[in-house]
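Participant: how would this look folded up:
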Amino acid sequence: MDRVITPEQGAELKQIVNEGVAIMQEVEDLNEGLNETIKAVAEEMEIKPAILKKAIKTAQKGTYSTQADDFDTLDTILDVVGRKV
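Facilitator: From the prediction side, this is the model:
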């Protein structure tokens, strides 16, 4: 190893790695819980979990108008080629 890390830098690296691992585990746990909730609600309402998850992501990112425009384009294409089934 060519790089020399001081004891202070080593302590800082250890702290950030430990905090990063803890935060990433927390995020993973929260995502797992959200996915379970989405699945349960979707089943109860008889909708696809993927659609509910997409609604959540769309709401969080504020991208509804972009997605609506894309769907309109898709609708037009399928209509023109006679593939709206």
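
Participant: show me the shaky parts of the protein.
Facilitator: 1 (pLDDT under 70).

Participant: which residue is nearest the centroid of it?
Facilitator: The structure's the chain has its C-alpha centroid closest to residue 57; by CA atoms, centre = their mean the separation is 6.7 Å.

Participant: so where's the longest helix in the protein?
Facilitator: In the chain, assigned by DSSP state H, the helix with the most residues is helix 7-45.

Participant: just checking, what packs against it?
Facilitator: When contacts are defined as 3 or more CB pairs under 8 Å, 6 or more residues apart in numbering; DSSP states H and E, helix 7-45 packs onto helix 49-61. (C-beta placed from N, C-alpha, C; glycine too.)

Participant: so what does the helix it packs on touch, helix or strand wise?
Facilitator: In this structure, helix 49-61 packs against helix 7-45, with contacts taken as 3+ CB pairs under 8 Å, 6+ apart.

Participant: next, the buried residues of the helix it packs on.
Facilitator: For helix 7-45, the neighbour count (16 or more other CB atoms under 10 Å) marks 38, 42 as buried.

Participant: tell me what angle it forms with helix 49-61.
Facilitator: Helix 7-45 and helix 49-61 meet at an angle of 130 degrees, taking axes from the mean of the first three to the mean of the last three CA atoms, to 10 degrees as the criterion.

Participant: how far out from the middle of the chain is helix 7-45?
Facilitator: A distance of 13 Å separates the centroid of the chain from that of helix 7-45, by CA atoms, centre = their mean, to the nearest Å.
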